[in-house]
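Peer 1: heads up, no residue letters with this:
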């Protein structure tokens, strides 16, 4: 995809990493082995899912994707060829290199044990508990001795047991935070990584499913946070190439304490060159603008709270990663404006000649037939009788059993639309397989386009039935109390200059996962790995031959001159009592760290009380050129982080502009044999990003050159008010705020 002549890259080789991202809201119910196998392909096989998918990723999906990837891939017609080449490779077995399993509401108890306890504590053997493993005789005996079952009858002891289980999960949501990281050779296999039973039955069950399904893989890290889980596995041939594994997590449930909502982020470096981050999350539920806004806030809270790299604690994972993948139950719903809803509903009804509005209690659904076709079915179900939880499976009603019950009946707030308000319209479009119209009402697509969250992320359209809210079973049987929606999603973001390095080739739901009220999804991606950018003269080692015919040690360094720097529309960071503005300055940050860091990051001067600061000085930076003759890593980054100075507490980060260092020196010869006259100029005008949101704009001009120390003076000769950027000292901070010179 990075080829301008649209030739098809070979993504089956070592230059590309094949990544499988799987996301499932487990519904607080134990997955059956068959369900798990329908979601996670055995031993990471690529060919089966790729050749059997009813929803192939083609150029239509690429062109309709949301985010930077759509523009980058718009003129590339090789998508079908890429998928075809991967599916028909001559290798005996194509496997994913990295497999990521993100789970939400993944807490459940032993159903058989729970049923037995309920039976033992019941004063009435007619407790309406179904033990699916009991014999027909036992079931008949229970039924025979039961009083007549009446509408709405609930056993009080059964209710008490469920409350007790729920209380246990509340404590688990507050306190549970278990993480395994593959740090030593003695813990390289899944058995060793997953053998520790910290919280019981559900851990063991999930760990055994993973171990059985993925025998060729080693656990990089597994993290448990309340009801959320994130597993990252690497093929055994790749595991030794992974380093710098970091894990962070943030709760966004009640009071930002409960872990029924929130997220987990894992970051690692592959072959010392490419930094990956993977995030799973579970956001606020319900339909309506308030909940939509809170979902956007949830994402920012998770990214801000789950810092994964101590070296770059000013930046979040979306900034420091070369490639970041995000998955989870994001809970974004499908909604239509009143006019659009009526228009779409009328159009579909006319086309199909049916009416979808039935009497109260009528539940309409579509089922997956034996040939994969969709067919209509109806069932009468009293709203009062409808159980939001599968009896005996879910230990709590805060989750997939009833993830929304915690907000109150129905979850609606005053002046907000009721859940299920757009059920008829969405259901009609599902019946007609009008995926384009359904995606047109997708809240997440709107949020991405309007840059209200996850700025810079891309996602493919969902050209399949919505994954929520369905009955637990095969196919798609929608609950009319909720608008069918694409709540389960996968997105990705690449660093500056690397957008085309990610190629999506698989994106689909898993309708045969039968134990949850969500249908899981999975996505396959080929990611081009970073390498060293070789010098122009590849025969050079540690010396060069100049025009005088003599060998000279390579002593050149990358020189950067930052000029005409200004920011616009910065957020207010200071309290209104002290002016309600900001006191910004800029920190110059590099990756790798060694290029610029020396006890602290170099910084600009402080501009006080301004939301539109202008720096009149030019800032000179010298990057360490040692080893540059071997090439510059393709993933090297130069970041400008805008910070608000605070005299009474720690400084607050406003946001960062991250640049690809290779692009800033793409016209220079880094071999040391180039002319001192080689200078590259780049004009920058980019949004300042933090936690996936924009906080103003930064503009500047960058001049770069690869020079020896004696050549730097000539490089700076035309610039005025040049300062060598150094760390911002306390003296400079006081001077900026008071105007007093301090000796």
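Peer 2: Thanks, I have it. Here the structure is a predicted model, which means the values were calculated and not measured.
Peer 1: okay, and for the stretch 101-250 of the chain, where does confidence drop off?
Peer 2: Low-confidence segments of the stretch 101-250 of the chain (pLDDT under 70): 113-178, 181-199.
Peer 1: ditto for the stretch 351-500 of the chain
Peer 2: Within the stretch 351-500 of the chain, the segments meeting pLDDT under 70 span 351-417.
Peer 1: so where do the strands sit in it?
Peer 2: With DSSP state E, counting those that start in this stretch as the criterion, the stretch 351-500 of the chain has strands at 362-368, 374-380, 488-494.
Peer 1: and the last one, what does it pack against?
Peer 2: This means strand 488-494. The contact analysis (3 or more Cβ pairs under 8 Å, 6 or more residues apart in numbering; DSSP states H and E) places strand 488-494 against strand 16-25, helix 68-72, strand 323-329, strand 502-509, strand 521-528. All C-beta atoms are positioned from the backbone trio N, CA, C, and that covers glycine.
Peer 1: let's see it at 6 Å
Peer 2: Using 3 or more Cβ pairs under 6 Å, 6 or more residues apart in numbering; DSSP states H and E, the elements in contact with strand 488-494 are strand 323-329.
Peer 1: in its sheet, what does the strand it packs on sit against?
Peer 2: Applying DSSP bridges, strand 323-329 is found paired with strand 274-282 (parallel), strand 488-494 (antiparallel).
Peer 1: any chance of a markdown table for those, columns mean neighbour count and distance to residue 679?
Peer 2: Conversion of these to a markdown table gives the following (neighbours: other Cβ atoms under 10 Å; distance: least, Cβ to Cβ, whole Å):
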| stretch | mean neighbour count | distance to residue 679 |
| --- | --- | --- |
| strand 274-282 | 27 | 30 |
| strand 488-494 | 25 | 28 |
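Peer 1: looking at those strands, which is nearest to residue 68?
Peer 2: Minimum separation from residue 68 across these (Cβ to Cβ) falls at strand 488-494, 7.8 Å.
Peer 1: between the closest one and strand 16-25, how many degrees?
Peer 2: Orientation check (axes from the mean of the first three to the mean of the last three Cα atoms, to 10 degrees): strand 488-494 against strand 16-25 gives 150 degrees.
Peer 1: excluding its backbone neighbours, what's nearest residue 104?
Peer 2: Ranked by Cβ to Cβ, 6 or more residues apart in numbering and with sequence neighbours excluded, the top spatial neighbour of residue 104 is residue 282, at 4.0 Å.
Peer 1: next up, the contacts around the one you found.
Peer 2: Residue 282 makes contact with 104, 228, 261, 328, 329, according to Cβ atoms under 6 Å, 6 or more residues apart in numbering.
Peer 1: go through the residues you listed and name the one nearest residue 705.
Peer 2: Residue 705 lies nearest to residue 328 out of the contacts of residue 282, by Cβ to Cβ, at 45.0 Å.
Peer 1: next, the contact list for that closest one, please.
Peer 2: 23, 102, 104, 280, 281, 282.
Peer 1: gap between residue 34 and residue 471?
Peer 2: Plainly put, residue 34 is 17 Å away from residue 471 if you go by Cβ to Cβ, to the nearest Å.
Peer 1: those two: who's more crowded?
Peer 2: More neighbours surround residue 471 than the other of residue 34 and residue 471, with 18 against 11 (other Cβ atoms under 10 Å).
Peer 1: give me the phi and psi for the nearest residue to the more buried one once chain neighbours are set aside.
Peer 2: Take residue 471 and drop its neighbours on the chain: the residue closest to it by Cβ to Cβ, 6+ apart is residue 477, 3.9 Å away. Dihedral pair for residue 477: phi -120, psi 100, per degrees, to the nearest 10.
Peer 1: hang on, residue 477 packs against residue 468?
Peer 2: No. Counting by Cβ atoms under 6 Å, residue 477 does not reach residue 468; the two are 11.9 Å apart.
Peer 1: ok, these two, which is more surrounded?
Peer 2: residue 468 (26 against 19).
Peer 1: stretch 648-667: end-to-end distance?
Peer 2: 45 Å (Cα to Cα, to the nearest Å).
Peer 1: quick one: mean pLDDT over that stretch.
Peer 2: Across stretch 648-667, pLDDT averages out at 94.
Peer 1: many thanks, we can stop here.
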